[in-house]
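A.B. asks: no sequence on this one, just coordinates:
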């Protein structure tokens, strides 16, 4: 009897043990399943009120910046473009001889210095290296143009309201043009910034021009290189031009004037330079010296010499107004000239694919007309 009681008690203890083990195992599984979402939720509660909220806000800000890129552009307007962007713009596609027509912007004036109207292709002759070439493309004046407007925004432009007048001149160029023109805006100081890429939206251009604020020194050669290469790569119209307004002597460029000439010869874009200088500066320029010595002892290029040289090489123009108030009338003059040109193109011989400079001459068959066009081109950049 006592043995039976003992066996019964042992059996009850064993059953109780297995039941307890099963319950514990089930309970642990339930706790584990319940704790998994519970543990994920618990850190979320302090995220709303404690430090973990900061990365969440940062992520939301980044998403906002990605979906609304205009806001950071406006808030960062004084900042310079990324160096990578500049490097991309400085990569030029050489003229593809035999596959791409070489285009020239041609201006024609009569004996009374008036722009010649309604001339025909047959009235011109074109020569490369002294050999006559067939004119394959011809377009009359007032055709749409791609215009790159470049404004010096260095701190010296604050003086005497020069920057204000420069922006007025830029607006004159924009609103006096052909409705099908496309315009891009750049500003330069120590570096060059693209304010607005090519567009025909004059309202947008007028808004974007207000983003140009003064900062730093003057790197004009770097700006010209950027403007020519960007226009060469991104413009859509056959006719192109650059208008640059500055008051500075170049002291901060990485490039020299000798670097600019091959780019100008390659792209063939007419450059119109408006230089706003004091009477004392003009007097120093008039001496004809290649270099000008600044008060700091630094030697810089004589802008009157180099800028006139660039204008002649590209069949553009160079202006040195006596006052910043003359900027708008000069802009009107440039605008009239851009409306009065012709686009003339030809296919050079395949032998011109040699990386060398080739002269170009465009003449009128009539002696009563004077023709202005760029003097030559390089089939590809040296090196």
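C.D. replies: Good, I have the coordinates. All of these numbers come straight from a predicted model, not from anything done at the bench.
A.B. asks: Verify the stated contact: residue 145 with residue 181.
C.D. replies: Yes. Taking C-beta atoms under 8 Å as the definition, residue 145 is a contact partner of residue 181 at 5.3 Å. The C-beta positions use only the backbone N, C-alpha and C, and glycine is treated the same way.
A.B. asks: list residues touching both of the two?
C.D. replies: Shared contacts of residue 145 and residue 181, defined by C-beta atoms under 8 Å, 6 or more residues apart in numbering, are found at residue 237.
A.B. asks: now the strands for the stretch 101-250 of the chain?
C.D. replies: Ranges of strands in the stretch 101-250 of the chain, per DSSP state E, counting those that start in this stretch, are 102-109, 124-128, 131-133, 137-139, 145-152, 182-188, 192-199, 239-246.
A.B. asks: want to throw these into TSV with mean neighbour count and mean pLDDT?
C.D. replies: As requested, the strands of the stretch 101-250 of the chain are exported to TSV (neighbours: other C-beta atoms under 10 Å; pLDDT from 0 to 100):
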stretch	mean neighbour count	mean pLDDT
strand 102-109	22	90
strand 124-128	18	96
strand 131-133	12	96
strand 137-139	16	89
strand 145-152	25	96
strand 182-188	25	97
strand 192-199	19	96
strand 239-246	26	94
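A.B. asks: how about these in JSON lines, adding distance to residue 270?
C.D. replies: Listed next are the strands of the stretch 101-250 of the chain as JSON lines, based on distance: least, C-beta to C-beta, whole Å:
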{"stretch": "strand 102-109", "distance to residue 270": "5"}
{"stretch": "strand 124-128", "distance to residue 270": "17"}
{"stretch": "strand 131-133", "distance to residue 270": "20"}
{"stretch": "strand 137-139", "distance to residue 270": "15"}
{"stretch": "strand 145-152", "distance to residue 270": "10"}
{"stretch": "strand 182-188", "distance to residue 270": "15"}
{"stretch": "strand 192-199", "distance to residue 270": "17"}
{"stretch": "strand 239-246", "distance to residue 270": "5"}
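A.B. asks: and residue 166, which of those strands is closest to it?
C.D. replies: With C-beta to C-beta, the closest approach to residue 166 among those belongs to strand 239-246: 4.5 Å.
A.B. asks: So what are the sheet partners of the closest one and their directions?
C.D. replies: strand 145-152 (parallel), strand 271-275 (parallel) (DSSP bridges).
A.B. asks: Could you find the closest non-adjacent residue to residue 117?
C.D. replies: In space, and not counting its chain neighbours, residue 117 is closest to residue 141: 7.2 Å by C-beta to C-beta, 6 or more residues apart in numbering.
A.B. asks: how far out from the middle of the chain is stretch 199-209?
C.D. replies: For stretch 199-209, the separation from the chain centroid amounts to 15 Å (computed by C-alpha atoms, centre = their mean, to the nearest Å).
A.B. asks: can you check stretch 369-383 too?
C.D. replies: 23 Å.
A.B. asks: Pull out the buried residues from it.
C.D. replies: Neighbour-count burial for stretch 369-383 flags 369, 371, 372, 373, 374, 376, 377, 378, 379, 380 (criterion: 16 or more other C-beta atoms under 10 Å).
A.B. asks: ok so the fifth one is a strand residue?
C.D. replies: No. Under DSSP: H, G, I helix; E, B strand; the rest coil, residue 374 sits outside any strand and is assigned coil.
A.B. asks: so how far is residue 284 from the nearest residue in space to it that is not next to it in sequence?
C.D. replies: Nearest non-adjacent residue to residue 374, counting by C-beta to C-beta, 6+ apart: residue 315, 4.5 Å away. From residue 315 across to residue 284, the span is 28 Å (C-beta to C-beta, to the nearest Å).
A.B. asks: How about residue 217?
C.D. replies: Relative to residue 284, residue 217 is positioned 19 Å away (criterion: C-beta to C-beta).
A.B. asks: try residue 260
C.D. replies: Separation of residue 260 from residue 284 (C-beta to C-beta) stands at 22 Å.
A.B. asks: Then residue 310?
C.D. replies: Look at residue 310 and residue 284: by C-beta to C-beta, they are 19 Å apart.
A.B. asks: quick one: which of those two has more around it?
C.D. replies: Between residue 310 and residue 284, counted using other C-beta atoms under 10 Å, residue 310 has the larger neighbour count: 23 against 16.
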